[in-house]
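Enquirer: Could you look at this predicted model? Sequence included:
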Amino acid sequence: MSFENLGLEPKLLSALVKAGFSAPTSVQEASIPKALEGHDLMVSAQTGSGKTAAFMLPALNHIARAPANKGRGVQVLVLTPTRELAMQVADATKSYGAHIPDLRTAVVVGGMPYGAQLKALSRRVDVLVATPGRLIDHLQARRVNLSTVRTLVLDEADRMLDMGFIEDIETIVAATPSERQTLLFSATLDGTIARLARDMLKEPLRIEVSGHKQKHANITQSLLYADDAGHKLRLLDHLLRDTNLDQAIVFTSTKRGADDLANRLSDQGFSAASLHGDMNQRQRTRTLGLLQKRRLQVLVATDVAARGIDVQGISHAINYDLPMQPEDYTHRIGRTGRAGNSGLAFTLATHSERHKIRRIEHFIGQPIPANVIEGLEPTKTARPTYSDRKGKGKPRKSFDGPRGGFGGKPSYGRKNGESWGDKPRFEDRPGRSGKPRFEDEAGRSSKPRFDNKPSYDSRGDADRPARRFEDRVDGVARKGGHAERSYAHAGR
C-alpha cells in the first residue's frame with residue numbers, strides 16, 4: 001500500500017515524497033484511515049514504528065482541508081512526556097506540513113526560557129507540542145487558548161502517567177472542547193491507560209500493531225551476567241571496542257551514574273557524554289546535536305532520554321543498569337534498529353538481578369539469550385529465568401475423564417456415564433469381609449461410642465472443671481482457655 005491509498009491531501013503527499021517516505025508502516029496503515037474518518041483511537045505500537053506520522057498526518061490533513069484559523073486558538077495539541085520527544089514531534093510536523101501555507105507550530109516545554117514561548121503563544125498557533133508541566137503554567141496564566149482544539153494527541157501516554165502527569169493531563173483535557181478527536185498512543189493499553197482512555201475518549205477504536213513477542217525483530221538481544229561492578233565495567237569496555245560499533249547509547253538508572261560513567265569512558269579514550277533530566281535544555285540540545293552530527297560515539301543516558309532520541313546511527317543499545325519497569329526495556333533497546341536498520345542490544349546484569357530479568361522476559365514474552373564473552377566469563381553459571389507460564393506444571397485432573405485426581409489416582413466422578421453414586425462402597429472393596437469393621441457376630445458395634453468417652457469439658461462432667469493450659473514466662477503464669485491459646489499462637 002502507498003500513502004496515496006490512505007486518503008491524504010496532495011500537499012501532504014508531496015511533502016512525504018520530499019522527505020523520502022515511500023510506503024506507510026504497519027501502524028500508519030492501520031491508524032491513518034481510521035483517524036481520517038474521525039474516530040478516537042487507542043494505539044499500541046513499538047518504538048521506531050513511525051507512530052509520529054500515524055497521528056500527525058491525519059491532524060495536518062484536517063488543517064490542509066479547513067480554512068486557516070484566524071483566531072488565537074490551537075487546532076492540534078500534542079502532549080509528550082519529555083522535551084526531546086516534543087522537539088522530535090515538532091520537527092516532524094514541520095517536515096510533513098512543509099507545503100501547507102502559513103502553518104505555525106509552537107513548542108512549549110520545561111527547561112527553556114519563557115520569552116520565546118510567550119512570543120510564539122501571542123500569535124496564531126496551528127499545532128502546539130508541549131510537555132504537561134509547562135503547558136499548565138501557560139494555561140493557568142491564560143497565555144494559551146485550548147477551546148478551539150480539534151485534535152488532541154497523547155503521545156506515549158503510559159510514560160506521562162509514570163512521570164506523575166495524570167492530574168496535569170486531566171486539567172489540560174478539561175480545557176479542550178468535548179467534541180474534539182483524541183488519539184492516544186502508548187506502549188501498553190491496559191491498567192491505568194485503559195481507565196484514562198475510558199474517561200477521555202469516546203468509543204475509541206483499539207489498534208495493536210504487534211505483540212511483545214513480535215517487537216524488535218531487527219534487533220539482536222543478548223544477556224551478559226557479571227560477577228560484580230568491576231566485571232561489568234570490563235564487559236562494557238569490550239562491547240564498546242567492537243569494530244562494528246557505529247554509535248552506542250548506554251543506559252544507567254541514575255543521573256549521577258550517567259555522569260560518572262560518561263567521565264570514566266572519556267578518561268578511557270571514548271568520545272562520550274551524558275544526558276539526563278538535570279541538564280538544562282541548552283546542554284541537552286547541544287549533546288543531541290553532537291550525537292546527530294556523529295561527533296559523539298557513546299551517549300550515557302537515563303530513562304528520561306529513552307523515548308525521545310531518534311538517531312539512525314545508533315548501532316548498539318546497552319543496558320548498563322537494568323530499568324525499573326519492564327516496559328522501559330523495550331523503549332531502551334528501541335533506540336537502535338531505527339528506520340528498518342538492524343541493531344544490537346546488550347543487557348548487563350548480576351546474578352542477584354535475575355528476578356528483574358525474569359520480569360522483563362515475561363513482559364516481552366520471550367527469553368533474552370544469555371551469552372558469554374571469551375575471557376570474561378562469569379564465575380557462576382546462571383540458570384534460565386524464562387518459562388512459558390501457560391504450560392507450567394502438570395495439568396489438573398478433571399472429573400469428566402478417566403485420568404482422576406492428583407497423582408493419577410482414580411476419580412469417582414462422572415466417568416463413562418457413571419453417576420456420583422457409582423463410587424464403590426466400603427464393603428465392596430477387595431479384601432474386605434463385607435461387614436463393618438467394628439461389629440460383633442450379633443451385629444452390635446464393638447467400637448466404643450464417642451458419647452461414652454470421658455469428657456474433659458465442664459459441660460460433660462459438672463464435678464470436673466474444664467482443662468486449661470498454663471505457661472510460665474519469666475516466672476509469671478499465663479492462663480487461658482483453649483480458644484485463647486489458639487488466638488495467641490495465630491498472632492491475633
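Expert: Everything's here; your move.
Enquirer: Would you state the strands of the stretch 1-150 of the chain in chain order?
Expert: In the stretch 1-150 of the chain, strands defined by DSSP state E, counting those that start in this stretch lie at 41-44, 76-79, 105-108, 127-130, listed in chain order.
Enquirer: what packs against the third one?
Expert: Counting contacts by 3 or more C-beta pairs under 8 Å, 6 or more residues apart in numbering; DSSP states H and E, the secondary-structure elements packed against strand 105-108 are helix 83-96, helix 114-121, strand 127-130, helix 132-140. For glycine as for every other residue, the C-beta is placed from the backbone atoms N, C-alpha and C.
Enquirer: One more: the last one?
Expert: Taking 3+ C-beta pairs under 8 Å, 6+ apart as the contact definition, the neighbouring helices and strands of strand 127-130 are helix 51-65, strand 76-79, helix 83-96, strand 105-108.
Enquirer: What is the distance between the third one and the centre of its chain?
Expert: Here the centre of mass of C-alpha atoms in helix 83-96, compared against the chain's by C-alpha atoms, centre = their mean, to the nearest Å, lies 24 Å away.
Enquirer: Just the residues contacting that helix, thanks.
Expert: Here helix 83-96 makes contact (C-beta atoms under 8 Å, 6 or more residues apart in numbering) with 12, 15-16, 19, 52-53, 56-57, 60, 78, 80, 103, 105, 107, 109-112, 127, 129-131, 155-156, 281, 284-285, 288, 305, 307-310.
Enquirer: now the longest one
Expert: The list of residues contacting helix 51-65 from outside it, by C-beta under 8 Å, 6+ apart, reads 6-9, 11-12, 21, 24-25, 27-28, 31-32, 35-36, 43, 45, 75-76, 78, 88-89, 92-93, 96-97, 100, 103, 126-127, 150-151, 153, 155, 183, 185.
Enquirer: mind listing what's buried in it?
Expert: For helix 51-65, the neighbour count (16 or more other C-beta atoms under 10 Å) marks 51-64 as buried.
Enquirer: of all the residues you listed, which comes closest to residue 246?
Expert: residue 52 (23.2 Å; C-beta to C-beta).
Enquirer: now that closest one: how far from residue 247?
Expert: Look at residue 52 and residue 247: by C-beta to C-beta, to the nearest Å, they are 21 Å apart.
Enquirer: what ranges do the helices span in the stretch 151-300 of the chain?
Expert: For the stretch 151-300 of the chain, the helices defined by DSSP state H, counting those that start in this stretch cover 157-162, 166-174, 192-200, 229-240, 255-267, 281-292.
Enquirer: still on that earlier bit, how about the strands of the stretch 1-150 of the chain in a markdown table, adding mean pLDDT?
Expert: Output for the strands of the stretch 1-150 of the chain, formatted as a markdown table (pLDDT from 0 to 100):
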| stretch | mean pLDDT |
| --- | --- |
| strand 41-44 | 92 |
| strand 76-79 | 96 |
| strand 105-108 | 94 |
| strand 127-130 | 96 |
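Enquirer: closest to residue 241 out of these?
Expert: strand 41-44 (37.3 Å).
Enquirer: Counting by contacts, list what that closest one packs against.
Expert: So strand 41-44, by 3+ C-beta pairs under 8 Å, 6+ apart, packs with helix 26-36, helix 51-65, strand 181-186, strand 205-208.
Enquirer: what about the stretch 101-250 of the chain, any weak spots by pLDDT?
Expert: Counting by pLDDT under 70, the ranges of the stretch 101-250 of the chain that qualify are 210-216.
Enquirer: Need the winner for burial among the helices and strands packed on strand 105-108.
Expert: Looking across these with neighbours counted as mean count of other C-beta atoms under 10 Å, the highest average goes to strand 127-130: a mean of 26.
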